[in-house]
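Asker: following is a predicted model, sequence given first.
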Amino acid sequence: MADKIHAVRGFLNFVFPLVMCGLLASPAWSQASSLRVGYVPNADFVPLFVAKEKGVFDKFGLGVTLESVVNQHNVPAGLTSGSIDLGPMAVPTFLLAAANGVDIVAVAGYLRNRASDSQASLMVREGLSFTGSASLVGKRVGMPGLKSSFDVHFRIWLLNNKIPVESVNLVEVNFPLMSGMLKTSRIDAAIAVEPFRSEIVRSGSGRIAADFMGEVSKDDAGLIWVSTREWAQAHAKNLLKTFIIGMKQGIADVTADPGGAQAVEKRYLKFASPLSDVYDFSLTHADLKFYEDMMLWVGFLEKATDPRTLMVP
């Protein structure tokens, strides 16, 4: 009996390494579990930084490389060139890129715009009397990105209040410049997010005048995760799923230890700011359709599409 046991053990010791080598050489095992993720350098991506710093992705067998992109408008080029696999985009930017023939798809949600946690505010300079949207007629309003989510919401807000969009002078202004331009009256108002919103108030350059986004919608998709259609069809059920699991752990870590999260944020961004808690990876066709309808109204899109064709199958 002992001889038989030794024989079986010897057989297994011989065969098992060969089996494992065969498995590792097969496509399912040899496929690299790596992911290049683009991010915009702002506080929205602190959970991503935390998950990376704490080795959360590594624990799930996913090697994540982070790539900073100047802004979300650079994401389509990064995806199609292969420099990143996943990238964040606001829905309007995504829809415009798709309308222009870029073969990208929405693979997951990320941030929601909710009236209960306003992501952006209309700021007006000190000394400007503001009694409502009509106070902006003939004024210069600093917009962080034309045809952006902020821009779409702001135009709809004006239209809902019977204010012609052309009666307001929209000028593109980067967030860091807003405080100074308000203080010197180079602009009369601006659309600001954190930490720039708080800085404008702290410096005395301006004040919060309206939650224009919350007045347009109580809940809609803010940032979404996007990939090329080819990548999504190949990896949505493995790498993407694992990435989202890791991100959810990163969000939980941020919630449990906001001080530690801000320390990580400082290492990546050189500053700390209030952290958001409106992360949601769900995404529906209705989320895309909501923006498409608004963009058709303000003339950013020429024709309607079927949002189902712009999501991972």
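Answerer: Noted; the coordinates are in hand.
Asker: C-alpha only now, for contacts and for neighbours.
Answerer: Fine.
Asker: strands of the protein, start to end?
Answerer: Along the chain, the stretches classed as strands by DSSP state E are 34-39, 63-68, 87-90, 104-109, 112-114, 121-125, 140-143, 169-172, 189-192, 206-210, 219-221, 223-228.
Asker: quick one, which of those gets closest to Leu301.
Answerer: In terms of Cα to Cα, the element of those nearest to Leu301 is strand 87-90, at 15.1 Å.
Asker: quick one: average pLDDT of that closest one?
Answerer: Averaging pLDDT along strand 87-90 gives 96.
Asker: any residues touching it, and which ones?
Answerer: 37-40, 72-73, 75, 79, 148-149, 222-227 (Cα atoms under 8 Å, 6 or more residues apart in numbering).
Asker: quick one: that strand to chain centroid distance?
Answerer: Remark: strand 87-90 is offset 4 Å from the chain centroid, using Cα atoms, centre = their mean, to the nearest Å.
Asker: mind listing what it pairs with, with the direction of each?
Answerer: strand 223-228 (antiparallel) (DSSP bridges).
Asker: could I get the pLDDT score of Ser148?
Answerer: 91.
Asker: which ones are touching it?
Answerer: Per Cα under 8 Å, 6+ apart, neighbours of Ser148: Ala90, Pro92, Thr93.
Asker: can you check Asp188 too?
Answerer: So Asp188 contacts Val124, Arg125, Leu128, Lys139, Arg140, Val141, Gly142, Leu182 (Cα under 8 Å, 6+ apart).
Asker: find the nearest non-adjacent residue to the third one, please.
Answerer: The one in question is Leu128. Nearest residue to Leu128, sequence neighbours excluded (Cα to Cα, 6 or more residues apart in numbering): Asp188, at 7.3 Å.
Asker: in the chain, which ranges drop under the pLDDT threshold?
Answerer: 1-32, 276-277, 313 (pLDDT under 70).
Asker: cutoff 90 now
Answerer: Scanning the chain for pLDDT under 90 picks out the ranges 1-33, 41-43, 70-73, 114-119, 145, 193-195, 236-237, 269-278, 312-313.
Asker: how's it carved up into domains?
Answerer: 1-30, 31-109+220-310, 121-217 (automatic domain parsing).
Asker: show me the one of those that comes nearest Ala115.
Answerer: domain 121-217 (4.3 Å).
Asker: centroid-nearest residue for this structure?
Answerer: By Cα atoms, centre = their mean, the mean C-alpha position of the chain lies nearest to Leu223, the distance being 3.4 Å.
Asker: wait, doesn't that residue sit right on Val107?
Answerer: No - with contact defined as Cα atoms under 8 Å, Leu223 does not reach Val107; the gap is 11.5 Å.
Asker: ok, back up a step: format the contacts of Asp188 as CSV; extra columns: distance to Leu111 and neighbour count.
Answerer: Putting the contacts of Asp188 into CSV (distance: Cα to Cα, whole Å; neighbours: other Cα atoms under 10 Å) gives the following:
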residue, distance to Leu111, neighbour count
Val124, 26, 28
Arg125, 29, 27
Leu128, 32, 14
Lys139, 31, 15
Arg140, 29, 18
Val141, 25, 25
Gly142, 23, 28
Leu182, 28, 23
